[in-house]
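Participant: got a structure for you, letters missing:
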């Protein structure tokens, strides 16, 4: 087991089809972790182990592995690039210390590149960038570096320059060492050092000068020596760049062609050189449950246990919990406390994963990412700690579902099996939900997009043996109000000679779009009502936010204020006040004019110039709002905001309009006032 300063917890993130999994497969091969490269296009990539991943050639679930490189242990997570599975990236970045962001040399900064970059910004994860596919026609290293600076607002610092372009791409020049390396492209051939090509000497001198100037910003001593004309050693230069990377002030940029086995070894070196160990990241802040007291967790094995469960997976009905240990250690047989649920579970086994293969280990220590079996009550975002030393970490944000379909089993006896399978899948995926429609009795599943739900129904068939009929996709709306209204409700019952009473007066009003719901009490009464009754009324409102009065959709952007609670002598039960608050809230919602909100998507279409008019016309017909149109290479990139309900079946329509030459990507943007019916 490596020392903590020789550990790297990293993720590979990128837009779909930029080459993340291909890079990961090369990492495994050149580190000796595997003895054969599995190719994505052949359905044989080791990290894409699900049948659905192998068939489609895409990554769906984040897969973890561990490999060794130059006496360092790299805990690596290969994440999906498709926007429907963005939660996999979100929860992976939450527990990782560094990331390798892969960019396509031809596509540059694409929509999902922006999404994963923003997610890494959110968790302040240090990054290095790898410009991949430089052997492709139209690939331009300098253009991608410029896009990283302009579109992502980053400070990219090239530490390599490519040798050759497109089909002639053969190797890289290391600007730190001033050395050139080439690869034949055969996987078994090692990298060879060659002379810097004569036509690149001038560019290398200029690139190294820019590198020295950039590094001087992160090390005052180095800056002084650089200004005095002293020689800066590669070791000193790397140390300065490392300081800038760890402070998120710069992003070292490397280049290569992973499918042609070019540029992988220097990228592994860069992971070790520039990305942090668990001991170098900021201490994690936890709070003591039930209090506002916050404590910093240092990554030491002998500190009280503090770990975060960031993912749940089911394997043949058995629950596996992926966790990151921030402090302390976890070993088989330990009883772990879950402060959210108030439960204790005994961990039966501790495992290290290699995609879907696993290996038992004696303990997981501070800085480790591992898997536990036997943790029945633990879900995504739960903290694992000791019962006598409770700690809680900030939970993992989920994402709102935007699309749903009705599913039903082929026959009635399979209904229970279907419900069981869906419940297991909900436990795994925080962006997947199941509900029963009160009016039709149909089972509705909701998710992040058509592909997401298609994968889920396919998994029902393969993993649980249930073949289901699937309805047409339906948009998942939200409900809000246009005006302000106040209503009250009095709840009175007589039970066994006892009077049951509850009363609430509620005012609802609209909130700014995207600001979410607010429930609070502003009661001017003397004496004030008991706090237990006030809390019961607020709890009733919070529950009522889940289902609006118009279509049963979740409510958002509504402020609900309890302005009055009538209290009668001899009635202290809290449940009637909860019921009264819910009914008063629903009445006030109707009085304030309910308005439907629909999901609006951010759509980016890349099309040949000659098809641009037809594409824009079609988007306008779908109620889209064109935001921009710009050249990228010899193609036009159109960005638009379009209601989701108008985008069903768009891929078929776009292929028809452009003879199959255009591609598009789509991601959720916001909920806005519903158009049309």
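Facilitator: Nice, thanks for sending it over. For clarity, every value in this text was computed on a predicted model and none was experimentally measured.
Participant: What segments of the stretch 401-550 of the chain are helices?
Facilitator: 415-428, 450-464, 531-544 (DSSP state H, counting those that start in this stretch).
Participant: The stretch 151-300 of the chain too?
Facilitator: 201-216, 220-227, 234-246, 264-274.
Participant: How about the second one, which residues are buried there?
Facilitator: Taking 16 or more other CB atoms under 10 Å as the neighbour-count basis, helix 220-227 is seen to contain the buried residues 222, 223, 226. For the C-beta atoms, the positions are set from N, CA and C on the backbone; glycine is no exception.
Participant: again, but for the longest one
Facilitator: For helix 201-216, burial by neighbour count (16+ other CB under 10 Å) applies to 204, 207, 208, 211, 212, 214, 215, 216.
Participant: Could you find the closest non-adjacent residue to the first one?
Facilitator: In other words, residue 204. residue 173 (5.4 Å; CB to CB, 6 or more residues apart in numbering).
Participant: number of nearby residues for that neighbour?
Facilitator: Neighbour count of residue 173, defined by other CB atoms under 10 Å: 24.
Participant: cool, and residue 522?
Facilitator: 9.
Participant: so where's the stretch 51-200 of the chain uncertain?
Facilitator: 51-63, 80-85 (pLDDT under 70).
Participant: which residue ranges form the strands in it?
Facilitator: With strands called from DSSP state E, counting those that start in this stretch, the stretch 51-200 of the chain shows them at 63-69, 72-78, 98-104, 127-132, 156-158, 160-163, 171-174, 179-182, 192-194.
Participant: and of the helices of the stretch 151-300 of the chain, who's closest to residue 387?
Facilitator: Across these, the minimum distance to residue 387, taken as CB to CB, is reached by helix 234-246, at 35.3 Å.
Participant: Residue 632 and residue 108 touch, don't they?
Facilitator: Yes: with contacts counted by CB atoms under 8 Å, residue 632 reaches residue 108, the gap being 6.8 Å.
Participant: With neighbour numbers in mind, choose between the two.
Facilitator: residue 108 (23 against 16).
Participant: List the beta-bridge partners for that one.
Facilitator: Per DSSP bridges, the residues bridged to residue 108 are residue 104.
Participant: Go ahead and confirm it touches residue 141.
Facilitator: No: with contact defined as CB under 8 Å, residue 108 and residue 141 do not form a contacting pair (10.3 Å).
Participant: okay, which residue is most central for this structure?
Facilitator: residue 90 (2.1 Å; CA atoms, centre = their mean).
Participant: circling back: which pair of the buried residues of helix 201-216 spans the longest distance?
Facilitator: Maximum distance among the buried residues of helix 201-216 (CB to CB): 18.7 Å, for 204 and 216.
Participant: separation between residue 270 and residue 100?
Facilitator: 8 Å (CB to CB, to the nearest Å).
Participant: Identify the contacts common to the two.
Facilitator: With contacts defined as CB atoms under 8 Å, 6 or more residues apart in numbering, the residues adjacent to both residue 270 and residue 100 are residue 128.
Participant: do you know how far residue 478 is from residue 396?
Facilitator: For residue 478, the distance to residue 396 - CB to CB - is 22 Å.
Participant: sorry, back to before: closest to residue 508 out of the buried residues of helix 201-216?
Facilitator: residue 214 (54.0 Å).
Participant: Redo the helices of the stretch 151-300 of the chain as JSON lines? Include mean pLDDT and distance to residue 6.
Facilitator: Formatted as JSON lines, those follow (pLDDT from 0 to 100; distance: least, CB to CB, whole Å):
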{"stretch": "helix 201-216", "mean pLDDT": "90", "distance to residue 6": "24"}
{"stretch": "helix 220-227", "mean pLDDT": "86", "distance to residue 6": "25"}
{"stretch": "helix 234-246", "mean pLDDT": "92", "distance to residue 6": "15"}
{"stretch": "helix 264-274", "mean pLDDT": "94", "distance to residue 6": "9"}
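Participant: Which one of those lies nearest to residue 486?
Facilitator: helix 234-246 (54.1 Å).
Participant: Please state the backbone phi and psi of residue 465?
Facilitator: phi 70, psi 30 (degrees, to the nearest 10).
Participant: For burial, what's the neighbour tally of residue 275?
Facilitator: So residue 275, with other CB under 10 Å, has 26 neighbours.
Participant: Grab the nearest non-local neighbour of it.
Facilitator: Looking at residue 275 with CB to CB, 6+ apart, the closest residue is residue 98, at 3.2 Å.
Participant: Spit out the contact partners of the one you found.
Facilitator: Here residue 98 is in contact with 8, 9, 10, 11, 125, 126, 127, 128, 271, 274, 275, 276 (CB under 8 Å, 6+ apart).
Participant: Residue 279 now?
Facilitator: 4, 5, 299, 367.
Participant: Same question for residue 275.
Facilitator: Residue 275 touches 8, 10, 97, 98, 99, 126, 128, 245, counting by CB under 8 Å, 6+ apart.
Participant: Most neighbours out of the residues you listed, which is it?
Facilitator: residue 99 (29 neighbours).
Participant: thought that one was touching residue 8?
Facilitator: No: Residue 99 sits out of contact with residue 8 when judged by CB under 8 Å, with a separation of 10.7 Å.
Participant: neighbours around residue 107, how many?
Facilitator: 25.
Participant: again with residue 374
Facilitator: Counted with other CB under 10 Å, residue 374 comes out at 18.
Participant: now it: how far from residue 351?
Facilitator: In terms of CB to CB, residue 374 sits 11 Å off from residue 351.
Participant: what's the answer for residue 450, then?
Facilitator: Taking CB to CB, one finds residue 450 at 34 Å from residue 351.
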